[in-house]
Structures are given as structure tokens and as C-alpha cells.
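1. missing the sequence, but the structure's below:
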């Protein structure tokens, strides 16, 4: 149980275009989802916290107008990178926090497999 | 990542034990976690420890927590080639957020 999927797993786009990444909790409800960015050989940097039905909370230094987050249901959150530029190329990982069972009790986050974005 | 520190590399011979160390800063952290990341993949939770525990053992994994020194370690017994990966230490901070270390790349040599 507690599987999180991301789609697409890999995307290449031209500079100036927008890219949407989906994060789904497949077998549990996630009131909170998190979006991370990971640079090569570096740690995960939390970008934003997404709560179902409300606006996302962005970390300091993350442009909310550039990284649009929508959490429309208890199983889906999307991250849209608008007007992408080469410096946005990175590995984007989402995670979801369950509301019951072990996940709810231990604040465990379940991670998706990540999306590799390359902006040309 | 700045509040959680880990050594960046560890090389270990197959069959030996691996010990990965981590220091954190938030004394109010409720849970501390160890995640494993294989190349090109997301993070897999290996184990976690509640802050009022000193030790937790789970098969080949042993987690030691020194809350006074804010030091966490992960010991992998009988390290196998499949254990080669990046290991992240993470502490829980407010609002269910996690703060990650930079990751320790473990290389298992034959």
C-alpha cells in the first residue's frame, strides 16, 4: 500500500513552454502533498506544501507564479512549470502524506518516482 | 538541507557493515527517518525512529539516536551490492515537513 505515482517520468521541452507534472496517491487519500526539487548529487529542496482544496504554501525563494500547484482532489496534485527555462531543468519529486494508519501516525511521507525535466 | 548534515561518501566491502552518520539541529523533531534513493528513482523509506527511542532494529538495519548530541546513525549489516545507493537522513519539522541531509553515497565493492 501507499503508492505514489508521477507522470510523466521524463519530459523534454523547449524554452518558454509550460510543463505539467502529475502526482497521484494510488491507494490512499492524501490531504497533504509536497513538491521537491533535486539537483544532481544534492539533497531534496522543498518547494511547496500542497493541501487539498486550498492554496499551496511556498517555501522562501520559490516563485509561486512560475511553479503553479493545484491540489484538486485527495489523490491528485499537479505542478506546472510555466515558461520553462534551462535553469528549471531538474528532478522533481512529489510526496504524499496519508491521514490514517501508520502514515498518519508517524508523519511518514510516501514519495513518487520523480520526474526528470530537461528544458532545451 | 542545511540543518541536517551527513558525510557525502562511504565505500564498503561486500559483507562488511556500513555505518552512515547524520547530525540534525531541531531538538523538537518528533521523528527521524532514513531514506534510500537508487539512481533515477524516488525515495524509499527504509526506517524511522521516534525521538524518545535510543535504538531501533529492523532486520539488517539498526538505527541509533543520541538525542543529547542530535546524532543519528544507520548501520547496515552484511552489506550487499544492492545496498549501493544514496542514503538520506531526514528530520521532521513543523507542519509535517521534512528537512533532508545532502545524502551519503554508499558504494559497495566486491
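-> Ah, there it is. This one's a predicted model, so the numbers in the text were calculated from it and none came from an experiment.
2. what residue ranges in chain B score low on pLDDT?
-> Applying pLDDT under 70 to chain B flags residues B:1-2, B:94-95.
3. for it, what spans make up the strands?
-> Remark: strands assigned in chain B by DSSP state E are B:5-6, B:9-13, B:18-23, B:31-37, B:43-50, B:55-58, B:61-66, B:71-76, B:85-93, B:97-100, B:104-109.
4. let me have those in JSON lines, extended by mean neighbour count.
-> (C-beta placed from N, C-alpha, C; glycine too.) Formatted as JSON lines, the strands of chain B follow (neighbours: other Cβ atoms under 10 Å in any protein chain shown):
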{"stretch": "strand B:5-6", "mean neighbour count": "20"}
{"stretch": "strand B:9-13", "mean neighbour count": "14"}
{"stretch": "strand B:18-23", "mean neighbour count": "18"}
{"stretch": "strand B:31-37", "mean neighbour count": "22"}
{"stretch": "strand B:43-50", "mean neighbour count": "18"}
{"stretch": "strand B:55-58", "mean neighbour count": "12"}
{"stretch": "strand B:61-66", "mean neighbour count": "17"}
{"stretch": "strand B:71-76", "mean neighbour count": "20"}
{"stretch": "strand B:85-93", "mean neighbour count": "23"}
{"stretch": "strand B:97-100", "mean neighbour count": "22"}
{"stretch": "strand B:104-109", "mean neighbour count": "17"}
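5. and for residue B:83, the neighbour number?
-> Counted with other Cβ atoms under 10 Å in any protein chain shown, the neighbours of residue B:83 add up to 17.
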